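Engineer: Let's see this in three dimensions:
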Amino acid sequence: MAFSTSTFAQLQNSGYAHTPLLSSGELDQLRGFIRSCIEDAIGVHIDDLGAYHFIVNDEQHRVMGAKPNRVLKPAQADAVLDFGSIKAFRDFLPGYVPQEVTYGDLKSEPRPEVYFRLVRPGRDTDVGAAHCDRWFHELYNIEYRRSISYKIWISVESSAGENGLIIYPGSTSHPLGYYKVDTPDGPKPKPDFDLSEIGPGQLMPAQPGDALIFNDNVFHKGALNNADRSRVSVEITLCKPDTR
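Structural biologist: Predicted coordinates for the structure are as follows:
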C-alpha cells in the first residue's frame, strides 16, 4: 500500500480522508500484537479477533477496557510505526511525532501511544460519546495542544456499513466548543452546541486494513456495532512538539 499525494490533499482540504493503508502481511502482524496484549491482560488466546465477544465474558472485557491493557508494547508500537504507508504518511508531516503514553504506570516506560479498541456487537457501552480530539488535548493539558494533530484510525476487524467510525463533515469549518464534566473516571468534555448546527454524521466505509485519518478539530464517534462480529481498531495520534 502507498499513501498518496491526493489523499493528503483531501485530508488538508476536508480535515479527514479514507485510504487503504496496510498490506495483508502488516494487518496479520498487527492482529498478532493485539492477540498477545489480550492474552497478557486476561490470559485468553483468541485466534479470530472478530469472535472476541464469544470468548470473553463481561468481567474480562471490563479488564480490557482499561486503556493501559490496550496499549501496544514499545517494540510492537515501533514495528507498527515502521509499516510502509504509515511511514509514507509521516513523510508528509515533517516535525510530527507519535503522541506518547501519558497515563498510569506506563508513564515510567516512555513509548508511543499505539492502542486498540474492542467493540462488541450491540453494546452501546463499548463506544464513546462524540467529541473532537482537541478537547481532550486541551482538557488534559497535553504537551502538543497548540498545533493541529492527526489521528490515524486503522480498521483491524470491521464490517463496512455495519460498524466503524462516524465523522461529522459539517464540523470541519471551524473549531467547536465544549464544557467540562467531572466523572468518576476524570474530567470529560461535552459539546456546548446543538448537533443540528453541524448536520448529520456519516458512517465511513472501512474494510480491514483501511484507515481514516483526520485532524483534531473533526467531530466524530465510534458507531454502534450492528454486525455479528466484534469490531477492532487501532489508533495513533501524530503531534508536532510545542516550540513555545
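Engineer: Only alpha carbons, please: show the longest helix seen in the chain as PDB.
Structural biologist: Longest helix of the chain, by residue count under DSSP state H: helix 24-42. The C-alpha coordinates for helix 24-42 follow below in PDB (Å, rounded to 0.1, in the frame of the first residue of the first chain):
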ATOM      1  CA  SER A  24      -2.100  -8.100   4.300                       C
ATOM      2  CA  GLY A  25       1.100  -9.000   6.000                       C
ATOM      3  CA  GLU A  26       1.100  -5.800   8.100                       C
ATOM      4  CA  LEU A  27      -2.600  -6.500   9.000                       C
ATOM      5  CA  ASP A  28      -1.700 -10.000  10.200                       C
ATOM      6  CA  GLN A  29       1.200  -8.700  12.200                       C
ATOM      7  CA  LEU A  30      -1.000  -6.100  13.900                       C
ATOM      8  CA  ARG A  31      -3.600  -8.700  14.700                       C
ATOM      9  CA  GLY A  32      -0.900 -10.800  16.300                       C
ATOM     10  CA  PHE A  33       0.200  -7.800  18.500                       C
ATOM     11  CA  ILE A  34      -3.400  -7.300  19.700                       C
ATOM     12  CA  ARG A  35      -3.900 -11.000  20.400                       C
ATOM     13  CA  SER A  36      -0.700 -11.000  22.600                       C
ATOM     14  CA  CYS A  37      -1.900  -8.000  24.500                       C
ATOM     15  CA  ILE A  38      -5.300  -9.600  25.200                       C
ATOM     16  CA  GLU A  39      -3.600 -12.800  26.300                       C
ATOM     17  CA  ASP A  40      -1.200 -10.900  28.600                       C
ATOM     18  CA  ALA A  41      -4.100  -9.000  30.200                       C
ATOM     19  CA  ILE A  42      -6.700 -11.700  30.800                       C
END
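Engineer: roughly how far out does it sit from the chain middle?
Structural biologist: Centroid displacement of helix 24-42 relative to its chain, using C-alpha atoms, centre = their mean, to the nearest Å, is 16 Å.
Engineer: Now do the helices in the chain.
Structural biologist: According to DSSP H, the chain carries its helices in the segments 5-14, 24-42, 52-55, 58-65, 74-81, 84-91, 133-139.
Engineer: Can you say which of these is nearest to V101?
Structural biologist: helix 74-81 (9.2 Å; C-beta to C-beta). In short, each C-beta sits where N, CA and C put it, glycine included.
Engineer: can you give me the mean pLDDT across the closest one?
Structural biologist: If you average the pLDDT over helix 74-81, you get 96.
Engineer: my read: L21 touches S85, true?
Structural biologist: Yes: using C-beta atoms under 8 Å, L21 is in contact with S85, at 4.8 Å.
Engineer: Among those two, which residue is more densely surrounded?
Structural biologist: Shown here are L21 and S85; by other C-beta atoms under 10 Å, L21 has more neighbours (27 against 21).
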